[in-house]
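[1] 3D, please:
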Amino acid sequence: MRAMRIRWRGGLAAVAALALAGCTSRADLAERAYGRGDYAEAMGLARPLGEKGDPRMQNLVGLMSAKGEGVPADPTQGAVWYRRAAEQGHLSAAINLGVLYADGRGVTKDGAEALRWLRVAADKGEEVAQKLIGDLYLDGDCVPRDDAEAARWYKKAVDHEYSPFDKGYAPAQHRLGLLYERGWGVPRSGAEAAKWMRKAAEQGNAGAQVDLGLLYQGKSGVKRDYAEAARWFGKAALAGDASAQNFLGVIYERGNGVAKDETAALAWYLKAADQDHRLAQYNAGVLYDEGRGIRQDLGQAVAWLRKSAEGGETRAQNRLGMSYFKGRGVPRDLTLAYVWCWRAGKKGLTVGLENAAVIKKAMTAKQSAEARKMIELVDKKRP
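    Down below sits the predicted model:
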């Protein structure tokens, strides 16, 4: 499963709601201009109002300053404007200021300050702030990691009888499901994990759809159901999620829950590969190399294996090395063959070291010297 990292999205809280139809105040006009992407007009309308003390406009000016919309990006000025609004009780501004402190943008990174400002909104029932506090505790970057505290805040974020999110706050539902799946801060439970991931997945949360698909492949005690896995991977894949596209490719390649179809598998691999998904690039390279169910194309195989290998995928590095060793899709080159297999082995792929040893026996002294030089360059670039 993919690593869980905080992805701060302070801008989402910046403009709580755009003006209602029929309202014509200058503040409403500023928000309308921002909503249609006319940042210069939005700034021209919002800044004078912010300077007069309007917290909603102070928050909007802070957003545009921090993101560089209509003005050069200046997170420091963004923090100044957010603080002015937050000190007047503007909850979105408090969230945005907390995010800057957590991220160390425009202010000195400070977990205590991040928590303080996020709590201003969280204690008023703002689900976004509650979920972000959970993220802080789970990530353990600017505050000590505390899985139980993370779980407590995620539960707060999903436990709202009256919420602007009709079916609950999906990002928090997804994170809570992941905690149950891993047993972090809560008893491990595949059933609870599936329950919360499904709530988020049904709202279109692509990450939850992918992780729910993985559960249905038999993870964490959930009954294996490849058809359900394919269904959820398919939803996320159609929304453009690269991981889902790769997983769906695997489903089609193996015929798990769907009719086996290597052509469809390759199509999904390539969609993900075009988004720089390293494993999908490797999978596409292997299909092209072996020509299983599709037309073999060694040139395409090497091209995709190279992209994946350069991105650090060890199996691609080893396979690319063997392509150079055999002259398969590329001119035979023992030096490059050895270097690629060695790189895979150095990262822990045992077969890479084994292949490098075989290749070395066939190399001349000159080729070995060239390989050492290339490896030294790799070591300097990749400490």
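[2] same for the helix or strand bottoming out on mean pLDDT in the chain, what does it pack against?
    The helix or strand of the chain with the poorest confidence is helix 365-381; it has a mean of 89 (mean pLDDT, DSSP states H and E). Packing partners of helix 365-381 (3 or more CB pairs under 8 Å, 6 or more residues apart in numbering; DSSP states H and E): helix 334-346. Placement of C-beta: from N, CA and C, glycine included.
[3] Let me know the next secondary structure element after the helix it packs on.
    Beyond helix 334-346 in the direction of the C-terminus, DSSP states H and E gives the next helix or strand as helix 350-361.
[4] what does that next one contact?
    Applying CB atoms under 8 Å, 6 or more residues apart in numbering, the contact partners of helix 350-361 are 314, 317-318, 321-322, 325, 334, 337-338, 341-346, 368.
[5] ditto for stretch 133-140
    Outside stretch 133-140, the residues within contact range by CB under 8 Å, 6+ apart are 4-6, 102, 111, 114-115, 118-119, 122, 142-143, 145-147, 149-154, 157, 172, 175, 179, 184.
[6] Tell me the buried residues within those residues.
    Buried members of these, counted by 16 or more other CB atoms under 10 Å: 4, 6, 102, 111, 114-115, 118, 122, 142-143, 146-147, 149-154, 157, 172, 175, 179, 184.
[7] From the contacts of stretch 133-140, which land in helices?
    The helices, defined by DSSP state H, take in 102, 111, 114-115, 118-119, 122, 147, 149-154, 157, 172, 175, 179 from these.
[8] list the buried ones in the least confident helix or strand of the chain?
    Neighbour counts using 16+ other CB under 10 Å place 367, 370, 371, 374 of helix 365-381 among the buried residues.
[9] again, but for stretch 289-302
    Using 16+ other CB under 10 Å as the test for burial, stretch 289-302 gives 289, 298, 300, 301, 302.
[10] Buried residues, the helix or strand harbouring the first one. List them.
    In this case it means residue 289. Following DSSP H and E, one finds residue 289 within helix 278-290. Using 16+ other CB under 10 Å as the test for burial, helix 278-290 gives 278, 279, 280, 281, 282, 283, 284, 285, 286, 287, 288, 289.
[11] which residues sit against it?
    242, 245-246, 249-250, 253, 262, 265-266, 268-273, 293-294, 296-298, 300-305, 307-308, 311-313, 315-316, 319, 323, 328-329.
[12] same deal with stretch 220-240?
    Here stretch 220-240 makes contact (CB under 8 Å, 6+ apart) with 181, 188-191, 193-194, 201, 204, 206-207, 209-210, 212-218, 243-245, 247-248, 251, 256-258, 268, 271, 275.
[13] Which of the contacts of helix 350-361 ranks first by neighbour count?
    Taking other CB atoms under 10 Å as the neighbour criterion, residue 341 ranks highest of the contacts of helix 350-361 with 30 neighbours.
[14] which ones are touching that residue?
    Residue 341 makes contact with 317, 318, 321, 322, 325, 352, 353, 355, 356, 359, according to CB under 8 Å, 6+ apart.
[15] Could you say which helix or strand holds the closest residue to it other than its chain neighbours?
    Distance criterion CB to CB, 6 or more residues apart in numbering; nearest residue to residue 341, sequence neighbours excluded, is residue 321 at 3.6 Å. For residue 321, the host element (DSSP H and E) is helix 314-326.
[16] For residue 55, state which of the buried residues of helix 365-381 is nearest.
    residue 374 (59.0 Å; CB to CB).
[17] Excluding sequence neighbours, find me the nearest residue to that closest one.
    Excluding its sequence neighbours, the residue lying closest to residue 374 (CB to CB, 6+ apart) is residue 339, at 4.9 Å.
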